[in-house]
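A.B. asks: got a structure for you, letters missing:
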């Protein structure tokens, strides 16, 4: 299930669209002597609005009654007593280009905050293309796994009905509750990935989803199935986190190829479920529909744990700041200056949780695209429940009904490939017309204007060709592929 919402924390570090110049912080020969510090660093190379030279600092410090002088003296004292170590000047520079310049602190404790601008190349934006796409490929599998869980269950409906003595309609409730819980789970998990980091949240989500597969696979009664499926859906973080990782590694002007790739994983995962499920339903007991979800989920969780690093900028800045302090630069990350336990109270926690829902209700674009995405998802899950009824007109068995979903997958692939030249065209337009607001924003939806009409065309055509012989079954599959083209967005 795709998520068109992506909320940002109010404390999110602002992003500059091109890597800015970095600051160099002074190395220390004698950390207990501020006069020695000035002697060893007689002249800085540059001075900006955010920098103050040591000579300026010395003059300002002489005025004991000046408020700014008092703040600088507090910063000096914090610097003098912050470290007991003797740092080497070469190693203390932290790799910054230029001469020794101190970045002024606006805090009473004199601590200097390391910003995204100061370490841009060390964040996810600075990863090599190979590393970015390796991470994205693993996230592709994670997203496939999550959507695979939503659809494979349906192939076990018949077995559940027979074993627990409930109607097939009642057995389908397990699919419904998972989808509803999944919708809320995405929005409940996503904001915490911005506060705590992408990796721990995604790992926690994958682990809980895998845990809740066990009571369903081992269920002694139907109620256990429903409870396990509900908790599994609520534990699914979904595209809210995976799409957030794209924003961690690509600037907004360069995200389109990556977004198209992840969207393909989302829609493809929903269709992969019934394709695999057809084989399971034909040859294995219904519980294998759950065991296969667990095996796939366990595999992607281990792969994600081993191969995917943290990408959230604020978390990475905290780690970079800690490393730089070991090299002699007295800088702190945003999370270190205001720890999580101090930032969060009950009111803030509620604010974080309701942030996506507030955007949904107050942002017209978010609301419109969310409703479109929700309708398209609902359509696919209606297909999952109804294809067996349609293709029984041609005498299809369970395996053949599962393979009937391949045209949808083909449609998704055609749409994905078609978006690549459309994206390339948009990139060229935005470069040639940087001041044209329509080109910069609305033009990104240009190709959607041509693929969206495929939805009513595909649905009408599918309805006309799904009545059985003498119409060949291939006609309905062609129109199912047309629906797939429209459903990819």
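C.D. replies: Noted; the coordinates are in hand. Quick caveat, the model's predicted, so the values are computed rather than measured.

A.B. asks: tell me how far the helix or strand residue 295 falls within is from the chain's mean position?
C.D. replies: Assigned by DSSP states H and E, residue 295 belongs to helix 288-307. A distance of 19 Å separates the centroid of the chain from that of helix 288-307, by Cα atoms, centre = their mean, to the nearest Å.

A.B. asks: buried set for that helix?
C.D. replies: 288, 289, 290, 291, 292, 293, 294, 296, 297, 300, 301, 304 (16 or more other Cβ atoms under 10 Å). (Glycine included, C-beta is placed from N, CA and C.)

A.B. asks: what does stretch 194-203 give?
C.D. replies: 194, 195, 196, 197, 198, 199, 201, 202, 203.

A.B. asks: Count the neighbours of the nearest residue to residue 144 once chain neighbours are set aside for me.
C.D. replies: With sequence-adjacent residues excluded and distances taken as Cβ to Cβ, 6 or more residues apart in numbering, residue 144 is closest to residue 269, at 3.8 Å. Neighbourhood size, residue 269 [other Cβ atoms under 10 Å]: 24.

A.B. asks: how big is the angle separating whatever helix or strand residue 269 lives in from helix 288-307?
C.D. replies: Per DSSP H and E, residue 269 falls inside helix 256-283. Counting by axes from the mean of the first three to the mean of the last three Cα atoms, to 10 degrees, helix 256-283 lies at 150 degrees to helix 288-307.

A.B. asks: Start at 58, not 1
C.D. replies: Renumbered: residue one is now 58, and that last one reads helix 313-340.

A.B. asks: starting at the chain centroid, how far to helix 313-340?
C.D. replies: For helix 313-340, the distance to the chain centre is 18 Å (Cα atoms, centre = their mean).

A.B. asks: now do stretch 364-376
C.D. replies: 13 Å.

A.B. asks: same thing with stretch 242-253?
C.D. replies: Distance, centroid of stretch 242-253 to centroid of chain: 9 Å (Cα atoms, centre = their mean).

A.B. asks: hmm, back to that, what's the average pLDDT for whichever helix or strand comes after the helix holding residue 352?
C.D. replies: Using DSSP H and E, the helix or strand that directly follows helix 345-364 along the chain is helix 370-383. For helix 370-383, the mean per-residue pLDDT is 90.

A.B. asks: Please point out which parts of helix 370-383 sit buried.
C.D. replies: So helix 370-383, judged by 16+ other Cβ under 10 Å, has buried residues 370, 371, 372, 373, 374, 375, 377, 378, 381, 382.

A.B. asks: That one: what's the following helix or strand?
C.D. replies: Helix 370-383 is succeeded, C-terminally, by strand 388-389 (DSSP H and E).

A.B. asks: Remind me what the next helix or strand after that following strand packs against, helices and strands.
C.D. replies: As assigned by DSSP H and E, the chain's next helix or strand after strand 388-389 is helix 391-394. Applying 3 or more Cβ pairs under 8 Å, 6 or more residues apart in numbering; DSSP states H and E, one finds that helix 391-394 makes contact with helix 370-383.

A.B. asks: Check which helices and strands the helix it packs on is in contact with.
C.D. replies: strand 388-389, helix 391-394.

A.B. asks: after the last one, next one along is what?
C.D. replies: Spelled out, that is helix 391-394. helix 397-400.

A.B. asks: hmm, back to that, closest to residue 235 out of the buried residues of helix 345-364?
C.D. replies: residue 350 (10.6 Å; Cβ to Cβ).

A.B. asks: Contact partners for that closest one?
C.D. replies: 202, 205, 206, 209, 210, 270 (Cβ atoms under 8 Å, 6 or more residues apart in numbering).

A.B. asks: surely the first one meets residue 351?
C.D. replies: This means residue 202. No: here residue 202 lies out of contact with residue 351, judged by Cβ atoms under 8 Å, at a distance of 10.3 Å.

A.B. asks: sorry, back to before: which residues does the residue nearest to residue 201 contact?
C.D. replies: Taking Cβ under 8 Å, 6+ apart, one finds 200, 201, 202, 203, 204, 205, 207, 208 in contact with residue 326.

A.B. asks: okay if I get the residues you listed as CSV plus neighbour count?
C.D. replies: Output for those, formatted as CSV (neighbours: other Cβ atoms under 10 Å):
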residue, neighbour count
200, 28
201, 21
202, 25
203, 29
204, 26
205, 26
207, 26
208, 27
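
A.B. asks: from these, which is closest to residue 219?
C.D. replies: residue 208 (20.7 Å).

A.B. asks: what packs against the helix or strand hosting that closest one?
C.D. replies: Residue 208 is part of helix 186-209, with elements assigned from DSSP H and E. Contact analysis of helix 186-209 by 3+ Cβ pairs under 8 Å, 6+ apart lists helix 230-253, helix 255-274, helix 296-306, helix 313-340, helix 345-364, helix 421-448 as its packing neighbours.

A.B. asks: start to end distance for stretch 175-185?
C.D. replies: Terminal residues of stretch 175-185 are spaced 19 Å apart (Cα to Cα, to the nearest Å).

A.B. asks: quick one: low-confidence ranges for the stretch 58-207 of the chain?
C.D. replies: By pLDDT under 70, the weakly predicted segments of the stretch 58-207 of the chain are 58-167.

A.B. asks: Against residue 330, how distant is residue 213?
C.D. replies: 11 Å (Cβ to Cβ, to the nearest Å).

A.B. asks: mind checking the backbone torsions on residue 489?
C.D. replies: The phi/psi pair for residue 489 (degrees, to the nearest 10) reads phi -80, psi -20.

A.B. asks: what's the burial count for it?
C.D. replies: Other residues close to residue 489 by other Cβ under 10 Å number 9.

A.B. asks: What is the burial count for residue 340?
C.D. replies: Residue 340: 10 neighbours (other Cβ under 10 Å).

A.B. asks: Just the pLDDT for it.
C.D. replies: 92.

A.B. asks: Verify the stated contact: residue 480 with residue 311.
C.D. replies: No: at 10.3 Å, residue 480 and residue 311 do not qualify as touching, with contact defined as Cβ under 8 Å.

A.B. asks: Can you pick out the residue with more neighbours from those two?
C.D. replies: residue 480 (17 against 13).

A.B. asks: which residues does the more buried one contact?
C.D. replies: 313, 314, 317.

A.B. asks: secondary structure element for it?
C.D. replies: helix 463-489.

A.B. asks: Now do the buried residues in that helix.
C.D. replies: 463-473, 475-476, 479-480, 483, 486-487.

A.B. asks: picking up where we left off before, could I get the buried residue list for the helix holding residue 326?
C.D. replies: Buried residues in helix 313-340 (16+ other Cβ under 10 Å): 313-338.

A.B. asks: where's stretch 492-509 relative to the chain centroid, distance-wise?
C.D. replies: 23 Å.

A.B. asks: for the contacts of residue 350, which one is nearest residue 303?
C.D. replies: Distances from residue 303 to the contacts of residue 350, taken by Cβ to Cβ, are shortest for residue 202, at 17.7 Å.

A.B. asks: any idea how far the closest one lies from residue 358?
C.D. replies: For residue 202, the distance to residue 358 - Cβ to Cβ - is 8 Å.

A.B. asks: what is in contact with those two at once?
C.D. replies: Joint contacts of residue 202 and residue 358 (Cβ under 8 Å, 6+ apart) are residue 263.

A.B. asks: outside of stretch 292-303, which residues touch it?
C.D. replies: Here stretch 292-303 has contacts from 58-60, 62-63, 181, 192-193, 196, 199-200, 203, 206, 238-239, 242-244, 246-247, 250-251, 255, 258-259, 262, 265-266, 269, 312, 315-316, 319, 323, 368-369, 413, using Cβ under 8 Å, 6+ apart.
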